[in-house]
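In: Model the structure of this input:
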Amino acid sequence: MYVHSTEEENTTRYPALEQMTDNPFHLWEDHSKDSSILTLASGILSEKQFYIIFLFLIFTSQVINNCAIIASSLSIAVFVKLGFSEPSNISLTTLAICDFTLAVLLTWNNLCFWLTYHNVPLPFHAVNVTFLTGGAQWVFLRSTIAWITAFISFERCLCILCPLKVRRLITPKGTFVAMLIIILLTFCPSFFLYMRYKFVWVFNPYLNITILNTLPVNSELAILFEKISFLLCGVIQPVLAFLIVLICTVVLVVQLKKISSWRLSVTSAKSLRIQPEENRAAGSSAAEARVSQKEERLVRMVVAIATIFILSYIPTCIMLLCYVVFDEFNLFGVYSRLFIVSGYIISLGQPISGSVNILIYYKMASKFRSVFRRLVRLDRLEQERHEL
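Out: Reported below is the predicted structural model:
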């Protein structure tokens, strides 16, 4: 780290600081060498339009984040009470923890940007520092959530297609190891960014104080690590996970139709007047139907979770591909305003998913619903209301 106490020393060592005056949302590379590109970018989204849209998105995002934090916290508490004897509880708990962490990261970003806009002096540059302490981690955490959802969908597909073999392989211990591997391969590479960008103390002439900021490290190795980590964990991995979720969801929907048709045929046979010998066979079929109905509820829950994930993740895939194709479409490029606005719009998807998941669990999982009602004391409240 370097500490510079004067403006002259800062601008001599870091020429980009010459541009940092009274704009709290200044980005390092807003001033492109190509004036025609800069004019085009300004025409797409002016500074006034950017601030209006940005403030609205901050408010909307925070409302949704609060809902996601509350919903994820309740989900984690319920799954802990249910225990982890079922592999599905482990994967769903990990998913809830990731949803909670993502909502907290977005809350951190919103808080810093909101305080900066209202000219509250901060000891760091809001945009640049939060990029390394929240924004970039959001991208990688989305990849983690994508692969956890893919694992849940794939596991349920195998349980439907070949239940006897899968139940020997998918154990609580195996699921726990799988969750650790997913986190290591998808989220941990975000720390490679600290090779590309470093924290520095610089003098801000507007605030007349020394603040914490970030600057890019222009070594070839650091740039290579950044490109590889973002391409692999920010684009390839989430898009691949998205395709797996999409395929597994289609398979599960097809299997749901088959299960429903089979149960309908069993119910029709049971309603017929049959001989005593056949009655025992019908009773056995009814027992099998009850087991199938329990399995169907779990499959329907996974399909609902996967469907919400697919709908919320399609815009993310588009933005990630744009990030790779267009060099200036990033936080430090000419299209930084458009990048921030697009990122905030897309960032609403996962907190919405995290908020809605608890409703899916409550509606489709009887054990979850029972524990949840005891946890928030809904049963006691209903009983007291009836007594009155």
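In: and the helix or strand hosting residue 243, what does it pack onto?
Out: Taking DSSP states H and E as the definition, one finds residue 243 inside helix 237-271. With contacts taken as 3 or more C-beta pairs under 8 Å, 6 or more residues apart in numbering; DSSP states H and E, helix 237-271 sits against helix 136-161, helix 276-325. Quick note: C-beta positions are derived from backbone N, CA and C, even for glycine.
In: Any buried residues in it, and which?
Out: 237-239, 241-242, 244-246, 248-249, 251-252, 255, 259, 263, 266 (16 or more other C-beta atoms under 10 Å).
In: and the angle from it to helix 136-161?
Out: 30 degrees (axes from the mean of the first three to the mean of the last three C-alpha atoms, to 10 degrees).
In: Kindly provide the whole-number mean pLDDT of helix 237-271.
Out: Averaging pLDDT along helix 237-271 yields 79.
In: from the middle of its chain, how far away would it be?
Out: 25 Å (C-alpha atoms, centre = their mean, to the nearest Å).
In: Tell me the one among the buried residues of helix 237-271 nearest to residue 116.
Out: Comparing the buried residues of helix 237-271 against residue 116 with C-beta to C-beta places residue 238 closest, at 29.3 Å.
In: for the protein, which spans come out with low pLDDT?
Out: For the chain, the stretches flagged by pLDDT under 70 are 1-45, 163, 207, 262-263, 266-295, 331-332, 378-388.
In: Pick out the residue closest to the middle of it.
Out: With distances taken as C-alpha atoms, centre = their mean, residue 142 lies nearest the centre of the chain, 3.9 Å away.
In: Could I get the contacting residues of that one?
Out: Shown in contact with residue 142 (C-beta atoms under 8 Å, 6 or more residues apart in numbering): 102, 238, 313, 316, 350.
In: I'd say residue 101 and residue 141 touch.
Out: Yes: the criterion here is C-beta atoms under 8 Å, and residue 101 meets it with residue 141 at 6.3 Å.
In: how close does residue 66 get to residue 308?
Out: 19 Å (C-beta to C-beta, to the nearest Å).
In: Quick check on these two: which one has the bigger neighbour count.
Out: Legend: neighbour count by other C-beta atoms under 10 Å for residue 66 and residue 308, higher for residue 308 (19 against 14).
In: burial count for the closest residue to the more buried one other than its chain neighbours?
Out: Nearest non-adjacent residue to residue 308, counting by C-beta to C-beta, 6 or more residues apart in numbering: residue 353, 5.0 Å away. By other C-beta under 10 Å, 23 other residues sit near residue 353.
In: same thing with residue 194?
Out: Around residue 194 there are 15 residues (other C-beta under 10 Å).
In: Could I get the contacting residues of it?
Out: Per C-beta under 8 Å, 6+ apart, neighbours of residue 194: residue 132.
In: Could you rerun that using 10 Å?
Out: 132, 136, 214, 217, 222, 225 (C-beta atoms under 10 Å, 6 or more residues apart in numbering).
In: Please report how far it lies from residue 131.
Out: 12 Å.
In: ditto for residue 168
Out: For residue 168, the distance to residue 131 - C-beta to C-beta - is 46 Å.
In: Which of those two has more residues huddled nearby?
Out: residue 131 (21 against 8).
In: is it true that that one touches residue 125?
Out: Yes: Residue 131 is within contact range of residue 125, at 9.4 Å (criterion: C-beta atoms under 10 Å).
In: next SSE after the host helix or strand of residue 60?
Out: Applying DSSP H and E as the criterion places residue 60 in helix 47-82. Sequence-wise, the next helix or strand downstream of helix 47-82 (DSSP H and E) is helix 87-117.
In: and that next one, which residues are buried?
Out: Neighbour count says helix 87-117 has 87-103, 105-110, 112-114, 116 buried, by 16+ other C-beta under 10 Å.
In: and for residue 101 and residue 141, which residues touch both?
Out: Going by C-beta under 10 Å, 6+ apart, residues that sit against residue 101 and also against residue 141 are residue 187.
In: Off-centre distance for stretch 195-204?
Out: Using C-alpha atoms, centre = their mean, the offset of stretch 195-204 from its chain centre is 28 Å.
In: Next: stretch 326-343.
Out: 20 Å.
In: and the end-to-end length of that stretch?
Out: Stretch 326-343 has an end-to-end distance of 15 Å (C-alpha to C-alpha, to the nearest Å).
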